[in-house]
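Give the three-dimensional model of this entry:
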Amino acid sequence: MANESSQAGIDRPKQEERIFLVVADQSEEMPVALRYASRRAKATGGRVALFAAVEREDFGHWAAVDDLMEAEQRDETEAMMSRYAETVQDITGVPPIIYIRHGQTRDALLKLIDEEPTISILVLAAGTGGRSPGPLISALTGKFYGRVQIPITIVPGTLTNEDIDVLT
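Okay, here's the model as predicted:
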């Protein structure tokens, strides 16, 4: 007899530990998603995973410039991930899983979710700027909705630490 997830078209193994995936970037709302995911992971015995994409500029025949810019961006991304990893460990007591991929954020994220069956939930915070929840949320709940085979939790980017602590 097939399990329910296979019947729904989702071929993801059942697992004991929930992995809460957070897209790490420099946005104002990202720390909200990070705290929410960390608190949920701690409360449920799960673990946090951080994801960032290093996007390559294309200067055509200036490959050396491309390589240099990519290396600088990778160094910046690793430093950012290190800071966020400390926050996760402070809250959960467990270091996060870290994924750094090359390519456009949306495409690299979708590919990671497809390739990594241990990821259980994607946690994103909505933008605080007004009209739109943000380009990634808009894409994943719009045109690319059918490609996301895990639940997406979207938290308001305006939540305070105290709000999150009460919710989790």
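
how far away is L167 from G45?
Taking Cβ to Cβ, to the nearest Å as the measure, L167 falls 18 Å from G45. Quick note: C-beta positions are derived from backbone N, CA and C, even for glycine.

Same check on E28?
30 Å.

again, but for L140
26 Å.

higher neighbour count, these two?
L140 (23 against 11; other Cβ atoms under 10 Å).

State whether the more buried one and R106 are indeed in contact, as I suppose.
Yes: with contacts counted by Cβ atoms under 8 Å, L140 reaches R106, the gap being 7.5 Å.

From the contact counts, what lies against the lengthiest strand in the chain?
Assignment by DSSP state E gives strand 47-54 as the longest strand of the chain. Here strand 47-54 touches strand 19-23, helix 30-44, helix 63-92, strand 97-102, helix 105-115, going by 3 or more Cβ pairs under 8 Å, 6 or more residues apart in numbering; DSSP states H and E.

mean pLDDT for these: which is lowest?
Mean pLDDT is lowest for helix 63-92 out of the helices and strands packed on strand 47-54, coming in at a mean of 89.

same for it, what does it pack against?
helix 30-44, strand 47-54, strand 97-102.

switch the cut-off to 10 Å
strand 19-23, helix 30-44, strand 47-54, strand 97-102 (3 or more Cβ pairs under 10 Å, 6 or more residues apart in numbering; DSSP states H and E).
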